[in-house]
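Colleague: I would like to see how this sequence folds:
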Amino acid sequence: MDSRAFLQQQFAFTHQQVHYCVGDVTDEEARRMPNATLSPIIWQVGHLAWIDTRIVGRIDAAPKIVLPEDYATLFGLGTGGPAAYPPFDAVLRTFDAAHEGMVRVLAEADLDAMAPAPPIPGMWSCVGEMLGAANGNRWYHIGKVNTLRALLGKPRLFG
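Modeller: I've put the predicted structure just below:
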């Protein structure tokens, strides 16, 4: 399997896993903070939409994803906690739209091209590595969603 096919498969799988992990989560549960140190499920999914959109924008000179105006202040780095979040189903649709942008970039990008500077030196050097890090970030937040599920008393789905 080549790098592009591998990344496409992994992004498809993490997209499916986000939906699997929140499929039985209500809007009210998605907003709940069972632990004051963990941002709610709705933030985890909205943050993934925000991150994916930023990555697509850094790779694609003409990104076709436009986030709602307040996403940076609700879901950007350093945000989280209680907030006036949009409806959870709207956040999921935005995540899906961001994912579609990622799918397009995965199909079209030069994976060996030099990537924009990472936030942590050495994190990546090329676009393919940047996309791999983005998928790793998805797994991190899937883990957070599953921790929050457990704290909400919902069944453990895996692990």
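Colleague: isn't His47 right next to His141, touching?
Modeller: Yes: His47 sits in contact with His141 when judged by Cβ atoms under 8 Å, with a separation of 6.5 Å. In this view, the C-beta of every residue, glycine as well, is placed from N, C-alpha and C.
Colleague: what stretches of this structure score poorly on pLDDT?
Modeller: Residues of the chain meeting the criterion pLDDT under 70: 61-63, 159.
Colleague: Show me where it has its helices.
Modeller: Secondary structure of the chain by DSSP state H: the helices cover 3-22, 27-31, 41-59, 71-75, 88-108, 127-151.
Colleague: and the third one, what other elements does it pack with?
Modeller: By that I understand helix 41-59. Where contact means 3 or more Cβ pairs under 8 Å, 6 or more residues apart in numbering; DSSP states H and E, helix 41-59 is packed against helix 3-22, helix 27-31, helix 71-75, helix 88-108, helix 127-151.
Colleague: Kindly report the same for the fourth one.
Modeller: The elements that helix 71-75 packs onto, with contact taken as 3+ Cβ pairs under 8 Å, 6+ apart, are helix 41-59.
Colleague: quick revisit: tell me which of the helices of the chain sits most buried.
Modeller: Of all those, helix 41-59 has the most neighbours on average by mean count of other Cβ atoms under 10 Å, namely a mean of 24.
Colleague: mind exporting it as PDB, just the C-alpha atoms?
Modeller: Only the C-alpha atoms of helix 41-59 are listed here, as PDB (Å, rounded to 0.1, in the frame of the first residue of the first chain):
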ATOM      1  CA  ILE A  41     -17.700  16.000  23.600                       C
ATOM      2  CA  ILE A  42     -19.100  18.800  21.400                       C
ATOM      3  CA  TRP A  43     -15.800  20.700  21.800                       C
ATOM      4  CA  GLN A  44     -13.800  17.600  20.800                       C
ATOM      5  CA  VAL A  45     -15.700  17.200  17.500                       C
ATOM      6  CA  GLY A  46     -15.800  20.900  16.800                       C
ATOM      7  CA  HIS A  47     -12.100  21.200  17.400                       C
ATOM      8  CA  LEU A  48     -11.400  18.400  14.900                       C
ATOM      9  CA  ALA A  49     -13.400  20.300  12.300                       C
ATOM     10  CA  TRP A  50     -11.400  23.400  13.100                       C
ATOM     11  CA  ILE A  51      -8.100  21.600  13.000                       C
ATOM     12  CA  ASP A  52      -8.900  19.800   9.800                       C
ATOM     13  CA  THR A  53     -10.000  23.000   8.100                       C
ATOM     14  CA  ARG A  54      -6.800  24.800   9.100                       C
ATOM     15  CA  ILE A  55      -4.700  21.900   7.800                       C
ATOM     16  CA  VAL A  56      -6.500  21.800   4.500                       C
ATOM     17  CA  GLY A  57      -6.000  25.600   4.300                       C
ATOM     18  CA  ARG A  58      -2.300  25.300   4.900                       C
ATOM     19  CA  ILE A  59      -1.900  22.700   2.200                       C
END
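Colleague: Many thanks, I have nothing further to ask.
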